[in-house]
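S.K.: attaching a predicted model along with its sequence, questions to come.
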Amino acid sequence: MIVVKKALTEHVNGIVSVCSNGYRDTYEETHAKAYIERVIRDFYNRDRILKEVTHTTREWNGWFVALDGDNVVGAIGGGMIGLEEGEVFVLYLDPNRKREGIGSKLLNELTKNQLQRGAREQWVSVSKGNVKGIPFYEAVGFRVQSEQESYSNLEEEVYTSLRYRRSL
């Protein structure tokens, strides 16, 4: 049975693994290997995840994990970007555990947390061409609002993100 809960320090290595493997699986067809490995190095390293698990703020609500026993099989993180606007910053699953409802359980837990903080809408950025994430977000009510340059682009990179929004 999958249990979703606020992440603890004991979950840090699982979060690193799920996000790194999930990121590679999601973008191996659409992004350069150097880009993928840079993002993983910058965002999904143990020191950063440990800090993000142990220090939460209004802008960073922390990590939530989906556990199958003691194994982290999914992770989500988000924060408040305005008085009534929450954002999903990251959501990844073990690539072997898709289509089990784990992503929905994680999103529901983060959404519940953001509603308690006053959120009335929720945002997420999804890379254009992400055939794994886009159908999921659209199925749960997110609608595309705009396009923008991807957050992690270097000057010579041209990856694009879609900004999605849904009312809560």
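M.R.: Looks like it came in fine.
S.K.: so what are the sheet partners of the host helix or strand of Val3 and their directions?
M.R.: Val3 belongs to strand 2-6 when assigned by DSSP states H and E. Looking at strand 2-6 with DSSP bridges, its partner strands are strand 62-68 (antiparallel).
S.K.: which residues sit against the strand it pairs with?
M.R.: Residues from elsewhere that reach strand 62-68, judged by Cβ atoms under 8 Å, 6 or more residues apart in numbering: 1-7, 11, 14-15, 49, 52-53, 56, 72-77, 93, 97, 102, 105-106, 109-110, 113. C-betas here are computed from N, CA, C, even on glycine.
S.K.: follow the chain on from the strand holding Val3 and name the next helix or strand.
M.R.: The first helix or strand that comes after strand 2-6 along the chain, using DSSP H and E, is helix 12-27.
S.K.: hmm, who's touching that next one?
M.R.: 7, 35-36, 39-40, 43-46, 49-50, 53, 63, 65, 71-75, 90, 92-95, 127, 130, 132-133.
S.K.: list only buried entries from these.
M.R.: Neighbour counting with 16 or more other Cβ atoms under 10 Å marks 7, 35-36, 39-40, 43-44, 49, 53, 63, 65, 72-75, 90, 92-94, 127, 130, 132-133 as buried within the contacts of helix 12-27.
S.K.: so Tyr92 sits against Gly77, correct?
M.R.: No. Using Cβ atoms under 8 Å, Tyr92 is not in contact with Gly77; the gap is 9.7 Å.
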